[in-house]
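Student: give the three-dimensional model of this entry:
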Amino acid sequence: MQVASEITRLPAMDEDGLLCDPLDWDEAIAIELAQQVGIPKLGKEHWAVIFALRNYYKEFGVAPAMVSICHALNQDGSWVHNLFSTCLNAWIVAGLPNPGEEAKTYLNNS
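Tutor: Numbering: from 1, shown residues only. Modelled structure (predicted):
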């Protein structure tokens, strides 16, 4: 589901590289963000995580326990980390806003 990146300018981001407004996100922006965090190509599994994170955030307004995303997608608890290097990278690529210091620490270490 990789689409050609035609982004000339990314939307507003905070000092941690997180989008200020998740409504500014689209798939082309996800590809750019992925490249910025060292993921050259987003595969089917990456997109499954991205959309699961966006749906969770839309419903609850907070970062999920990543193990719950893994289990919801029938994967082991380290799956998201293995795909994105850190769960914070998954959050960044999903175009979600800054979840706060405690959640960022959790996402960066899981």
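Student: how many other residues sit next to residue 95?
Tutor: 25 (other C-beta atoms under 10 Å). C-betas here are computed from N, CA, C, even on glycine.
Student: oh sorry, the question was meant for residue 87
Tutor: Residues near residue 87, counting by other C-beta under 10 Å: 28.
Student: you'd agree it is up against residue 80?
Tutor: Yes - using C-beta atoms under 8 Å, residue 87 makes contact with residue 80 at a distance of 5.4 Å.
Student: any common contacting residues for those two?
Tutor: residue 66 (C-beta atoms under 8 Å, 6 or more residues apart in numbering).
Student: and for the helix or strand of the chain with the lowest mean pLDDT, what's in contact with it?
Tutor: Least confident element among the helices and strands of the chain, by mean pLDDT, DSSP states H and E: helix 101-109 (a mean of 84). Outside helix 101-109, the residues within contact range by C-beta under 8 Å, 6+ apart are 16, 62, 63, 66, 86, 87, 88, 90, 91, 98, 99.
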